[in-house]
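>>> pasting the structure only:
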């Protein structure tokens, strides 16, 4: 998986190997929850072959030790937590990949927790013929995430604060 400050490629695909988001982040550390990455302000994120966009505020991302999700914290000032339901993230050298399974759990800056993209999930499971075990697994992961994020169970409580604090672009006023 590399060492601290390595540049890691993060590659999300959609079902059937369709391209989705890809970008690079710095590997800033590891703890009991998984590997933590940082995308400073200006990090370029690209969806498939669309023009890249620059992330304005910077974020940290957690690639979990176990689980079918990837979490982004302090995400662009509109939500404090954005969790993609996905297949289990896989490492190959300094690249981590997963298949985005449409469902997302967010915690807005107001504290409100919400499940997003259920309509996309329903449409894609038919159009792309998700296997039953993938559908069931994504639903179970989303339900678990909703409860864990709402309860602020780690790593969805304060675990990200220490990693955000190590990033020079963050300040107490921005958190």
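Noted; the coordinates are in hand. Predicted model, so just to flag it, every value in this text is computed and none were measured. Numbering: from 1, shown residues only.

>>> only C-alpha atoms from now on, for both contacts and neighbour counts.
Noted.

>>> where along the chain do the helices fall?
Using DSSP state H, the helices of the chain run over 118-127, 132-151, 159-165.

>>> ok now the shortest one, how far from the chain's centre?
If I follow you right, that is helix 159-165. Mean-position distance between helix 159-165 and its chain equals 15 Å (C-alpha atoms, centre = their mean, to the nearest Å).

>>> residues of it that come out buried?
160, 163-164 (16 or more other C-alpha atoms under 10 Å).

>>> closest to residue 129 out of the residues you listed?
residue 160 (35.6 Å; C-alpha to C-alpha).

>>> which residues touch that closest one?
60, 73 (C-alpha atoms under 8 Å, 6 or more residues apart in numbering).

>>> what pLDDT does it get?
pLDDT, residue 160: 92.

>>> output the helices of the chain as CSV; include the columns distance to residue 84.
Compiled in CSV, those are given as follows (distance: least, C-alpha to C-alpha, whole Å):
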stretch, distance to residue 84
helix 118-127, 12
helix 132-151, 9
helix 159-165, 16
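
>>> what's the closest of the ones you listed to residue 85?
Per C-alpha to C-alpha, nearest to residue 85 of the helices of the chain: helix 132-151, 6.5 Å.

>>> which outside residues touch that closest one?
Outside helix 132-151, the residues touching it (C-alpha under 8 Å, 6+ apart) are 67-69, 85-86, 101, 103-105, 107, 113-115, 125, 154, 156-157.

>>> buried residues in it?
Buried-residue list, helix 132-151, by 16+ other C-alpha under 10 Å: 135, 137-139, 141-142, 145-146, 149-150.

>>> I'd say residue 30 and residue 62 touch.
No - the criterion here is C-alpha atoms under 8 Å, and residue 30 misses it with residue 62 at 9.1 Å.

>>> where does the prediction get shaky in this protein?
1-5, 75-77, 169-175 (pLDDT under 70).

>>> how about the strands in it?
Remark: strands assigned in the chain by DSSP state E are 7-14, 18-31, 34-39, 44-47, 53-54, 59-64, 69-75, 79-86, 90-92, 95-108, 113-116.

>>> can I get those in a markdown table with mean neighbour count and distance to residue 131?
Output for the strands of the chain, formatted as a markdown table (neighbours: other C-alpha atoms under 10 Å; distance: least, C-alpha to C-alpha, whole Å):
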| stretch | mean neighbour count | distance to residue 131 |
| --- | --- | --- |
| strand 7-14 | 20 | 14 |
| strand 18-31 | 17 | 16 |
| strand 34-39 | 22 | 28 |
| strand 44-47 | 17 | 25 |
| strand 53-54 | 12 | 33 |
| strand 59-64 | 24 | 24 |
| strand 69-75 | 23 | 18 |
| strand 79-86 | 23 | 14 |
| strand 90-92 | 12 | 20 |
| strand 95-108 | 22 | 12 |
| strand 113-116 | 16 | 21 |
